[in-house]
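Peer 1: Please work out how this folds:
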Amino acid sequence: MLPQYDMVALIDDIKLRCTVPTSQLLYTNERFTQQANKCLKDKVVPLIMSTREGYFVKFYDVPLPSDGIIDLPGNTVGIKIRSVCYVQQTSPLLLINLPRIDLDVVAGVGWNNYTSIAGFYVQDNSLHLYPNSSVPTNTVIRIFYYKRSLVLATPGSYGQITAIDPLTNTITMARVPTSWTTGTQVNTISQSPNFDITNDLATVVNASTPTLELDSVEGMQVGDYMSEYGFSAIPQIPVEAMGYLAQKTASNVLQSLGDWEAKKNSDKECEELRENVLIMISQRVDGSTKKIIAPQGGIRLGAGLGRWGRGSSGGTF
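Peer 2: Numbering: from 1, shown residues only. Next comes the predicted model:
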């Protein structure tokens, strides 16, 4: 049997760490889940992102819009992107980086006066190619961004897949939440690390315990956890950070219960776990250091930009 990392296991760990008496009525599974969500968003994800090791980085492709304006995805941490490039060719893959231009530069110089500049600038919740002809026509823009983790689901609001019939788009679950009916939107994640999404959106066509008929079972596997759309049965973080999440949540619980001495001890444990997590998740490739290459330099410049990287004066951006 595979190790379980779902919310039932996480809440059991939290209870052990803060020794909340079973007789108390304040902390139900729902309250534990709320506190865990808070700690995941406010403490654990920022800690992992601070390593700058590519955690949570995903990408999406957008056909070049005529106006050069692309909305940033709504599931982006801090509405923040990692980098922007365009796909020059797909086989083999060749990506050409686009530099970010400061808005003051864009507003101050203008394309007519400074023809060697080309890239993008950020305005509100969208990026603007500058100029909108800065990349070849019929180009696909690839945006790398930090994907927000799914919200943690309360135990009882999700289920685990035990069988799949791809011919009828029917799945069997160990437990079907009673609130799921025709039209309920769901997603699934793997039960195994790294807890990736296996189907990001499916709709229930017919619900009957213990089976569900869906509009699609693509990507789903036996053992996956299914939750309502936007939720996850497992924190989407490295396994090594699970204990830190549980301990931070335990500290919040102890604070709300007014047990300040226990919280003080829990906070000390949190600091030790924090340092240990950073040791385990930093420098993801120990045998090789990252090479620092100028975004517009070297091979990528010569192979990809060609005339698209040159202004009327022959300079490169």
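
Peer 1: Report all helices and strands that the longest helix that the chain contains contacts.
Peer 2: Using DSSP state H, we find that the single longest helix of the chain is helix 260-281. Packed against helix 260-281 by the contact rule (3 or more Cβ pairs under 8 Å, 6 or more residues apart in numbering; DSSP states H and E) you find helix 7-18, helix 45-49, helix 242-256. Just so you know, the C-beta spots here come from the backbone N, C-alpha and C atoms, and that holds for glycine as well.

Peer 1: Quick one: closest of those to residue 232.
Peer 2: Distance to residue 232, taken as Cβ to Cβ, is lowest for helix 7-18 among the helices and strands packed on helix 260-281, at 8.7 Å.

Peer 1: what residue ranges in the stretch 201-317 of the chain score low on pLDDT?
Peer 2: Residues of the stretch 201-317 of the chain that meet the criterion pLDDT under 70 lie in 290, 292-317.

Peer 1: now the strands for the stretch 51-200 of the chain?
Peer 2: Under the criterion DSSP state E, counting those that start in this stretch, strands of the stretch 51-200 of the chain are mapped to 57-63, 69-71, 76-90, 93-98, 119-123, 126-130, 140-147, 151-152, 159-165, 170-173, 185-189, 197-208.

Peer 1: Give me the distance between the two termini of stretch 191-203.
Peer 2: One end of stretch 191-203 to the other measures 21 Å (Cα to Cα, to the nearest Å).

Peer 1: whoops, stretch 146-158 was the one
Peer 2: 25 Å.

Peer 1: What average pLDDT does that stretch get?
Peer 2: Stretch 146-158 shows a mean pLDDT of 96.

Peer 1: can you list the residues that contact stretch 131-140?
Peer 2: 61-69, 86-88, 96, 98, 111, 118-120, 129, 141, 308 (Cβ atoms under 8 Å, 6 or more residues apart in numbering).

Peer 1: Test my guess that residue 219 contacts residue 201.
Peer 2: No: the criterion here is Cβ atoms under 8 Å, and residue 219 misses it with residue 201 at 10.6 Å.

Peer 1: picking up where we left off before, from the contacts of stretch 131-140, keep the buried residues only.
Peer 2: By neighbour count, with 16 or more other Cβ atoms under 10 Å, the contacts of stretch 131-140 hold 64, 68, 86, 88, 96, 98, 118-120, 129, 141, 308 as buried.

Peer 1: What are the neighbouring residues in contact with the residue nearest to residue 62 when sequence neighbours are not counted?
Peer 2: Distances taken as Cβ to Cβ, 6 or more residues apart in numbering put residue 141 closest to residue 62, at 4.8 Å, once the chain neighbours are dropped. Counting by Cβ under 8 Å, 6+ apart, residue 141 touches 61-64, 70, 84-87, 129, 135.

Peer 1: between those, which is closest to residue 103?
Peer 2: residue 129 (13.5 Å).
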